[in-house]
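Student: Give me a model of this one.
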Amino acid sequence: MGILTGEHTVVFPEVDFTRQDLQRYMNYAPLIRELHFKQTLEIRFLSQDLLRSFQKALGDEPGVLSPNLASFAWLVDLDHWLAPKVLRQIPLTLSLFVGNSVKSLQCRLGRDLNIRMVLSTSGRLPNLQHLTFFGRAQDSLEDSLTPYPWTNLQSISLVGPSVSVIPHLARLPRLYTIRIKYMRDTILGPAAAHAVASDPSSFKALKEIGVHGHELAYAAKVFSYLPPTNSVHYAHCSTSSAATPEECNASIDILQNHLNPSTVQWLEVRDLVNDGSSSFSGKRLTESDGVGAYVDAVVDISPLFKFTGVRVLFLCVHPRALVTPTHSEMVPKCWPRIQHLDLCSTLPIGRLPSIDYTHLLQVVRGCKSLQVLGLPFDGTQLPDVDDVMVVSFSVKTLRVCGSPLQSDIEQMEDILWKTLPHLNTLNFTYHPWLHVEGPSNTLWNRIAEEMELEVCDESED
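Tutor: Residues are numbered from 1 along each chain as shown. As a prediction, the model looks like this:
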């Protein structure tokens, strides 16, 4: 289409397009399947004058310039001085390129973007299956979505919508995936939630739901709209702030009350999730920074034991889930199909892990499909090497952040070699953006080097 060139520029036609020019273009127009305006250093935008010349020659039929277009995306984050000039031509771009064939519509929110115009376009697309809005925490989707039936919509991603959108989403007959970021008006009335949850037709096609909020407990409240008959198999609840133990337990309680234990296979509860803001860049801490943090706090994992079919479980929060020897016995019984289990903290804390390596082995021994395990343990007390045997051929990745070690690392190396012979990755970091210095991290780094293990971050996969 010739929209990618040297720099941000608005293209104006030097001469009018002739009928021959348009006919030559229209011969190729049915071949266009995707039109994506992406954020690059080299991009030009078609001017209003150029687009009007197309419209004058071809008429007002939606999508006339790309009659078989399947995917349209506006992913540009414009400079404030250029935005007013460029955004004026979006209505014509949508009219000329986006027609009934479009199945996917993506748009980056911005303060100068007329979002109602984009929503109106989405409402006239009978085959629309995927609707996605990108944005930052300060962006919001303030317009109501209720006028748009979206009878074929399968997935929707929203930034900053009002909570009033949820009852409307609940009525969409084919909606499979919902992702919501920074919902506004998060004081959810229990009566409204009950009205939706008590209707067995609500969210009847929903299988995946992810909610990211300013606070963890507010994000979790969205799940209270799910009816007991829901068939959600993927659930994600997160925040970019550090959650308190009370928030964590309240969120877990909501999830265990409103998710269907017979269908959930993937469950995530996280705090300090990077939302792309500058606050998640280049942080440094020491292990001692967390000495006084959450020494007596308890984040209880036992309510999650009801999800017996879970295969992937992340409970990664700053206060860290309390895992006791009793819990290490329960994990294989309650989560026998678990493949990826991560119960690590998101920052250093002062509480010593309540289990040692023998309890970790108990989990590994009972979970035959386990491939990735994040489970802090007390590495200052290790079993005798002669007393352990091969436990798992399945575990490939071990996350150990928050696991203190003794200075003699040879015993730890011998035990890892012997009990987890297929281990190839050791992770002792909390986040890609956070560097934690301290004696235990230094020792774990030496172990990784001497055992020739890969060192990578799994905390935000």
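Student: Mind jotting down where the helices sit in the stretch 151-300 of the chain?
Tutor: For the stretch 151-300 of the chain, the helices defined by DSSP state H, counting those that start in this stretch cover 165-170, 190-197, 216-221, 245-258.
Student: Format the ones you listed as a markdown table; extra columns: distance to Leu405, mean pLDDT and mean neighbour count.
Tutor: Yep, even glycine has a C-beta here, placed from its N, CA and C like the rest. Formatted as a markdown table, the helices of the stretch 151-300 of the chain follow (distance: least, Cβ to Cβ, whole Å; pLDDT from 0 to 100; neighbours: other Cβ atoms under 10 Å):
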| stretch | distance to Leu405 | mean pLDDT | mean neighbour count |
| --- | --- | --- | --- |
| helix 165-170 | 47 | 93 | 20 |
| helix 190-197 | 46 | 89 | 15 |
| helix 216-221 | 30 | 93 | 24 |
| helix 245-258 | 26 | 97 | 20 |
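Student: Relative to Ser277, which of those helices is closest?
Tutor: helix 216-221 (16.6 Å; Cβ to Cβ).
Student: Could you list the residues in contact with the host helix or strand of Ala73?
Tutor: Mapping Ala73 onto the secondary structure by DSSP states H and E places it in strand 71-74. Strand 71-74 is contacted from outside by 33-38, 90, 94, 97-98, 102-108, 118, using Cβ atoms under 8 Å, 6 or more residues apart in numbering.
Student: gap between that strand and the chain center?
Tutor: 21 Å (Cα atoms, centre = their mean, to the nearest Å).
Student: For Leu315, give the beta-bridge partners.
Tutor: Val269 (DSSP bridges).
Student: Can you give me the neighbour number for it?
Tutor: Leu315 is flanked by 23 other residues according to other Cβ atoms under 10 Å.
Student: In this structure it contacts Thr346, no?
Tutor: No: using Cβ atoms under 8 Å, Leu315 is not in contact with Thr346; the gap is 10.5 Å.
Student: wait, what's in contact with Lys306?
Tutor: By Cβ under 8 Å, 6+ apart, the neighbours of Lys306 are Gln256, Pro261, Cys334.
Student: Including distance to Phe72, could those residues go into JSON lines?
Tutor: Conversion of those to JSON lines gives the following (distance: Cβ to Cβ, whole Å):
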{"residue": "Gln256", "distance to Phe72": "40"}
{"residue": "Pro261", "distance to Phe72": "40"}
{"residue": "Cys334", "distance to Phe72": "46"}
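Student: hang on, the earlier thing: selecting buried members of the contacts of strand 71-74 in PyMOL, what would you type?
Tutor: To isolate the buried subset of the contacts of strand 71-74 in PyMOL, counting by 16 or more other Cβ atoms under 10 Å, use the following:
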select buried, resi 35+37+90+94+97+98+102+103+104+105+106+107+108+118
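Student: Select from the contacts of strand 71-74 every entry located in helices.
Tutor: Members of the contacts of strand 71-74 lying in helices (criterion: DSSP state H): Ile90, Leu94, Phe97, Val118.
Student: Please name the bridge partners of Leu158.
Tutor: Ile180.
Student: Give me the neighbour count for it.
Tutor: Counted with other Cβ under 10 Å, Leu158 comes out at 22.
Student: my guess is it meets Tyr182, correct?
Tutor: No: here Leu158 lies out of contact with Tyr182, judged by Cβ under 8 Å, at a distance of 9.2 Å.
Student: hey, what's in contact with both of those two?
Tutor: Counting by Cβ under 8 Å, 6+ apart, nothing touches both Leu158 and Tyr182.
Student: In space, what's closest to Asp414 - neighbours in sequence excluded?
Tutor: Spatially, and ignoring its direct neighbours in sequence, Asp414 is nearest to Val385 (4.8 Å; Cβ to Cβ, 6 or more residues apart in numbering).
Student: tell me the phi and psi of that neighbour?
Tutor: Here is the backbone geometry of Val385 (degrees, to the nearest 10): phi -60, psi -40.
Student: what does Thr132 give?
Tutor: According to degrees, to the nearest 10, Thr132 has phi -130, psi 130.
Student: correct me, but Pro228 touches Ala197?
Tutor: Yes: applying Cβ under 8 Å, one finds Pro228 in contact with Ala197, separated by 7.4 Å.
Student: Common neighbours of those two, please.
Tutor: With Cβ under 8 Å, 6+ apart, Pro228 and Ala197 have common neighbours His258.
Student: The stretch 1-150 of the chain: strands as residue ranges?
Tutor: Remark: strands assigned in the stretch 1-150 of the chain by DSSP state E, counting those that start in this stretch are 9-11, 34-37, 44-46, 71-74, 104-108, 130-134.
Student: Quick one: these as JSON lines, columns for distance to Ile178 too.
Tutor: What follows is the strands of the stretch 1-150 of the chain, written out as JSON lines (distance: least, Cβ to Cβ, whole Å):
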{"stretch": "strand 9-11", "distance to Ile178": "36"}
{"stretch": "strand 34-37", "distance to Ile178": "23"}
{"stretch": "strand 44-46", "distance to Ile178": "32"}
{"stretch": "strand 71-74", "distance to Ile178": "20"}
{"stretch": "strand 104-108", "distance to Ile178": "16"}
{"stretch": "strand 130-134", "distance to Ile178": "11"}
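Student: least reliable of the ones you listed going by mean pLDDT?
Tutor: Confidence, taken as mean pLDDT, is least for strand 9-11 of the strands of the stretch 1-150 of the chain (a mean of 45).
Student: The spatially closest residue to His236 that is not a sequence neighbour: neighbour count?
Tutor: Using Cβ to Cβ, 6+ apart and skipping residues adjacent in sequence, the residue nearest His236 is Gly210, 3.7 Å away. A count of nearby residues for Gly210, using other Cβ under 10 Å, gives 18.
Student: So what sits opposite Gly210 in the bridge?
Tutor: Gly210 forms beta bridges with Arg179, His236, as assigned by DSSP bridges.
Student: Report the contact partners of it.
Tutor: Counting by Cβ under 8 Å, 6+ apart, Gly210 has contacts Ile178, Arg179, Ile180, Tyr234, Ala235, His236, Cys237, Ser238.
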